[in-house]
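> here is my input; please provide its structure:
(chains A, B and C)
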Amino acid sequence: MKTIMDLRKDLDEKKVTSDELFKIAIEKAHTYQDEFNSFVTIMDKKEEKESNSLLSGIPYALKDNFSTKGILTTASSNILKDYVPVYDSTAYKKLKDAGAVLVGKTVLDELAMGGTGTTGHTGIVRNPWNKNREIGGSSAGSAAAVALGIVPFSIGSDTGDSIRKPAAFGGLVGFKPTYGRISRYGLFAFASSLDHVGCFARCVRDAAIVTDILKGQDEKDMTSLPNEDIKYTDVIDNDIKGMKLFYIKEITDKTLYKDAGEETLKILDKFKETIEECKKLGFTVDEVSFDDNLLKALYPTYITISSAEATSNNSNLTGIPFGPRGEGGSINEIMFDARTKGFSELIKRRFILGSYILQRENQERLFKNALRLRHIIVDKMNELYKTYDAMILPASGGVAPFFDNEIDRMSDRYLILENHMVIGNFGGFPSITIPNGFVDDMPIGINITGKAFDDAKVLNIANKIEDKLGYKGLIKEEYDV
Amino acid sequence: MYKVTIGLEVHCEVKTNSKNFSSAKNAYSEYPNENVSVVDLGLPGILPVANKEAFRKSLLMALALNCKTPDIVMFDRKNYYYPDLPKGYQITQETKPVGVNGYVMINVDGEDKKIGINNIHLEEDTASLDHFKDYSLIDYNRAGVPLLETVTEPCMHSSTEAIAFLEALKGIFLYTGVSEARTDKGQMRVDVNISLSKDDTLGTRTEMKNINSFNSVRLAIETEIKRQKEVLENGGVILQETRRFDEDTLTTHSLRSKVDAVDYKYYIEPNIPPIKITDEWIDEIKSEIPMLQFDRINKYMEVYGLSRYDSEILVKDKAVSDYFEECVFIGCNPKSISNWITTSVLGYLNKNELDIKDLSLTPKMLCELIDMVDNNKISSKQSKEVFSKCLEENKEPNIVVKELGLTQITDDKTIRDIVTKLLDERPDLIEDHRKGKNTFDYFVGQVMKETRGKANPVLTRDIINEEMEKR
Amino acid sequence: MVTKENLKDYAAKLMFDMDDEGYERTLKEFETVEKHMELIGKIENIKSVEPLVFPYVIYHANFREDEAKDSLTTDEVLANAKDTKADQVKVPKVVGE
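Numbering: from 1, shown residues only, chains lettered A, B, ... in the order given. Okay, the predicted model is just below:
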């Protein structure tokens, strides 16, 4: 399937026009919509803005929690089902200015809170590799749109692993750079201290191209990082000889997974094979041990912090200055009605939990302890980064799950394997998932996470490994048209 | 006898060009919803960006209140639902207020008193609600305007002290230029906490919120003291609650009790990273704090020998006080200047509803005018005429004096020549004078007539006396 | 111990309600989270650690200069409000404070 660079070449050589690319993308989007439900909104008009950037004329999809002036933005929630923003998010604005062409706004788990792609208000998103399986979330539609070949890249947001997990399930590259590298202005907040903007692409180089466009300090986001004077595309081919990687024994050691299914064991085997490939490439790769108690605490820590922040961040959804107006005779009744009708139960449960965590009498024991644990883990990682250039781990403990999959995979060990990528959000570390082949005909991924600000290095490492593994531009045969 | 204890929380809007966390204009507007940004509206995806000037002015105020300032900038979220709060939380300061443990000096009935400041913190104002018969309207112009909340210790014991504190605080806001502190525009709003007790332990307190004028504060305090006294005297207990003051009926009534108190679930605002507050910045801000009213009053009394009454009038408006001090600096007699300012200058300004900034008469000119009187160049009566003329015609005093031909004749020879001539003409009257008849005033009058009033009266009398003696 | 009644109250304070099964499910989630957080509380020296609010120490943040710009038009302010009057957002009469 064609990458951004392939399309760039076609456009530059006038083999195709951007109008044609847009038309093809829109047609595909419509064709696959009923079956896979990638989009909340498919554009009917092309944005006419051209530039000299590599993305000029290239179609893309944007997660429906990025504010787009004049274009419906729902966050896949009923409480925003007819909300049309009056301002542009910085990410969208930068892409528009670069001449990238918006194809549509993609479905997410409601308010980006979820990892299945099944909780959006317009229905579930299906995995292009197997319709009976999830694509994962929360950036479900953005992952599916690339996996279906509708667009060569798409934009997502990542609070726990909302880009990097669906990327693994969809056979894609999913990258979230360092916290602050890309402005969050206009991204509907889920958990502000964990939220990242990032992208899906078919190869590491494309992810670097997109990130080069998106990155940069933004006066509208105080947490955005100062500009760097490098282009990631210039450094991703650098020599990696002598670089040191590590993986965590407690997450990858097969002998610890006594009750695990065949699939998990295959994924762990595949991971070890890839480690051998990395060594052949010239990396030093060590197995390190990580305090098991800290690993077990990863997921609860994530749930605690993210639910607390989410409760507060979504307090603006009352149906007063925007959103569907609730019914009732008093001001409280209308707010109450709007919120009762506007959120699904799953969201409400998270909010109740979050508000409980923030209650005066619980803050110390719940919220602050979670933030303390976050500190311990980030410190531990930074300690390791003194010796190592990056961490490498399997992106998931299984392939994309079936929709009706209610089997109990929630053993403590499995929970760690399934949720360790939150480490990247805790420390704001640059983190990328790249395809690592297939298990049971479904794509799997590996994740590479580096030190904060080391975005260039992470992309460099990922690009080299991708070259070696050869899983680039993956797409299921029937969509490769 | 009950001991009354009062604590105050004073909200005051900070004067800036833009809002606290957005770039929308911070200005009072007649038109609703015209100074509103996406941030103030709490739209999905917005982020706060802290205003440097709002923070600088807050530090300035904190330092003027003798507070300890924090090492870093930090804000917290206060979470609650109300239709005037679009984000569903207010960005405020709980963890690291811009100032803690300060004090303000006040003077009540001639006695100095220190009012403890628990903390002063920067937050954002809410939208304004306009209520009609069966609906309310929301205007977001005010949403996000920087708001400083000053929280006192419960250390005041009468409405007089509370008002004296509010006046002092308002004075500091005005002197530092942090706020215009206009109660009539709702820029300054007061929450009052009151408790009564028979001994030194604090009684149960009640709170009254959002009182808009100092006079209402006084009435509210007195009303609530009376109510609590009655309850206690009848063997009742005071409940910890929020009460509403009804100014029309001079009563207070319960709004909600402590049990219903909201848990605001404060936590650190994650979108505003810590910014270091350097010692250099603090020193720079400190150097911008002018001498404040309390100290000026003491200086005027102790150094210039003015009365407290006059000193208080002079410091009421900083510009007037600065004007006074410039005159003193030029070298003018402080008492004369004080008399001039408190009577003629302020009288003129009040009458014409002007600010001292609008006064065409500079301190230098006023000093010249006063000098002319002190040096007998013009009479005190003439000086008033000159003063008016200067202001009416926008001219300097010496020019007006010349134009009016008002310069006094203080030359001995000129006056003596006239006196000699007059005495020569009327030897009969000299004779009458010797016989005890008062003809002296006749000669004074004649000299004035001859000189068209310009002869210095004191000198004239002396010379007439001398010349009559000679004959 | 948190009860279903507590949860109903928390929900009410967050301005929503849900059906009974929802509260049952929430209660179960609470148990899991409490159990996990109990483990975290037992981690050695946890109390001596500073809570980490930001992913890393942010040195680069700056204030905004005090310049007025970026206001919406009144039409934009009201664009998404479902009920307006006299260029303001109209709501049922707010009583109280």
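
> burial count for the spatially closest residue to residue B:429 that is not a sequence neighbour?
Nearest residue to residue B:429 in three dimensions, chain neighbours excluded: residue B:439, at 4.2 Å (C-beta to C-beta, 6 or more residues apart in numbering or on different chains). Just so you know, the C-beta spots here come from the backbone N, C-alpha and C atoms, and that holds for glycine as well. Look at residue B:439: counted by other C-beta atoms under 10 Å in any protein chain shown, it has 16 neighbours.

> wait, residue B:439 touches residue B:423, no?
No: Residue B:439 is not in contact with residue B:423 according to C-beta atoms under 8 Å; the separation is 10.4 Å.

> in the stretch 351-481 of chain A, what residue lies closest to chain B?
residue A:358 (3.8 Å; C-beta to the nearest C-beta).

> what residues are up against residue 22?
Reading this off chain A. Each residue near residue A:22 by C-beta atoms under 8 Å, 6 or more residues apart in numbering or on different chains is listed here: A:46, A:59, A:101, A:103.

> hmm, no, I was thinking of chain C.
A:345, A:348-349.

> same deal with residue A:309?
By C-beta under 8 Å, 6+ apart, residue A:309 lies in contact with A:189-194, A:354, B:270.

> residues of chain B that sit close to chain A?
B:38, B:41-50, B:77, B:79, B:81, B:83, B:86-89, B:136, B:138, B:140, B:263, B:265, B:267, B:270-273 (C-beta under 8 Å from any C-beta of the partner chain).

> show me these that map onto strands.
Secondary structure from DSSP state E places B:77, B:79, B:89, B:136, B:138, B:267 of these in strands.

> once you drop chain neighbours, what's closest to the fourth one?
Among residues not flanking residue B:136 along the chain, residue C:94 sits closest, at 4.4 Å (C-beta to C-beta, 6+ apart).

> tell me the SS of that neighbour?
In three-state terms, and counting by DSSP: H, G, I helix; E, B strand; the rest coil, residue C:94 is coil.

> contacts only, for it.
Here residue C:94 is in contact with A:331, B:83-84, B:129, B:131, B:136 (criterion: C-beta under 8 Å, 6+ apart).

> out of the residues you listed, who's the most crowded?
Among the contacts of residue C:94, the one with the most neighbours (other C-beta under 10 Å) is residue A:331, at 23 neighbours.

> so what's the spatially most central residue of chain A scoring on pLDDT?
What sits nearest the mean C-alpha location of chain A, by C-alpha atoms, centre = their mean, is residue A:163, with 1.3 Å. Residue A:163 is assigned 98 on the pLDDT scale.

> nearest residue to the residue of the stretch 251-400 of chain A found nearest chain B in space, ignoring adjacent ones along the chain?
For the stretch 251-400 of chain A, the residue closest to chain B is residue A:315, as judged by C-beta to the nearest C-beta, at 2.3 Å. Spatially, and ignoring its direct neighbours in sequence, residue A:315 is nearest to residue B:88 (2.3 Å; C-beta to C-beta, 6+ apart).

> got a pLDDT number for the one you found?
For residue B:88, the model assigns a pLDDT of 97.

> how many neighbours does it have?
Using other C-beta under 10 Å: residue B:88 sits among 23 other residues.

> kindly provide the distance from residue B:73 to residue B:171.
27 Å (C-beta to C-beta, to the nearest Å).

> from the contacts of residue C:22, which ones fall inside helices?
Using DSSP state H, the subset of these located in helices is A:345, A:348-349.

> now list the buried members of these.
The neighbour-count criterion (16 or more other C-beta atoms under 10 Å in any protein chain shown) marks A:348-349 among these as buried.

> now pLDDT too, for the ones in helices among the contacts of residue C:22, in a markdown table please.
Shown next, in a markdown table, are the ones in helices among the contacts of residue C:22 (pLDDT from 0 to 100):
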| residue | pLDDT |
| --- | --- |
| A:345 | 95 |
| A:348 | 97 |
| A:349 | 96 |
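
> tell me, which of the ones in helices among the contacts of residue C:22 make contact with chain C?
Applying C-beta under 8 Å from any C-beta to those, those adjacent to chain C are A:345, A:348-349.

> averaging pLDDT per element, find the lowest-scoring helix or strand in the chain.
By default, I'm working from chain A. In chain A, the helix or strand scored least confidently by mean pLDDT, DSSP states H and E is helix A:412-419, which has a mean of 86.

> sorry, I should have been clearer: chain C.
Result, chain C / mean pLDDT, DSSP H and E: helix C:20-42, a mean of 89.

> to what extent is residue B:23 buried, counted in neighbours?
23.

> hmm, back to that, next, the nearest residue to the residue of the stretch 351-481 of chain A closest to chain B once chain neighbours are set aside: phi, psi?
Nearest non-adjacent residue to residue A:358, counting by C-beta to C-beta, 6+ apart: residue B:265, 3.8 Å away. Residue B:265 has phi and psi values of phi 50, psi 50 when expressed as degrees, to the nearest 10.
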